[in-house]
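Visitor: can't give you the sequence, but here's the structure:
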């Protein structure tokens, strides 16, 4: 979260819709974003090669500019459309007062009850800078779509989630409850 004068508007370029910065991904395990195997779920994250369990696939940090974090006031000052941002904002377990955006986002879909999570987000703080890492949690075959557990990996951010709900949107931290309910027996 940057320092600025109170009330000073700050235009920030949106981090979504851009090609990934390859330097934030593991150089030995190629991946790609393409249409998800889940109908109507946009892009998914796919392995282009076999990837073993226990590999740090990506690391993003606020200090390096690959992770943006905003308080409520800072978010409003970005000029971003909240209706677009809803698909990218992730709460950080170590800083629940801020909402975070990976630059660019990682197109990984939720592991609903019919799918196994193959990657997990790890939230950390290092010397005052917040970071998120994506780690493989199982062996992944080339061509396989990777999923994470949104309920575990995406922390809530009270002000952001409330703002999105008031706009009729569902923030990422609330999506698992809705998706998982669709798989419950009637």
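Guide: Alright, I've got the coordinates. As the structure is a computational prediction, the values presented were derived from the model and not from experiment.
Visitor: Now stretch 14-21: buried residues?
Guide: Residues of stretch 14-21 classed as buried under the neighbour-count rule (16 or more other CB atoms under 10 Å) are 14, 15, 20. (C-beta placed from N, C-alpha, C; glycine too.)
Visitor: and what of stretch 140-160?
Guide: Under the neighbour-count criterion of 16+ other CB under 10 Å, stretch 140-160 has 140, 144-151, 153-157, 160 buried.
Visitor: And stretch 116-133, by the same measure?
Guide: Under the neighbour-count criterion of 16+ other CB under 10 Å, stretch 116-133 has 117, 118, 119, 121, 123, 130, 131, 132, 133 buried.
Visitor: picking up where we left off before, can you tell me which of the buried residues of stretch 140-160 are in strands?
Guide: Where the buried residues of stretch 140-160 overlap with strands, as defined by DSSP state E, the overlap consists of 145, 146, 147, 148.
Visitor: okay, the residues you listed in TSV with pLDDT and distance to residue 29 next?
Guide: Supplementary listing: those in TSV, determined by pLDDT from 0 to 100; distance: CB to CB, whole Å:
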residue	pLDDT	distance to residue 29
145	97	15
146	97	11
147	97	16
148	96	16
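Visitor: which pair in those residues spans the largest distance?
Guide: 145 and 148 (11.2 Å; CB to CB).
Visitor: intersection of neighbour lists for the two?
Guide: Residues touching both residue 145 and residue 148 comprise residue 109, with contact defined as CB atoms under 8 Å, 6 or more residues apart in numbering.
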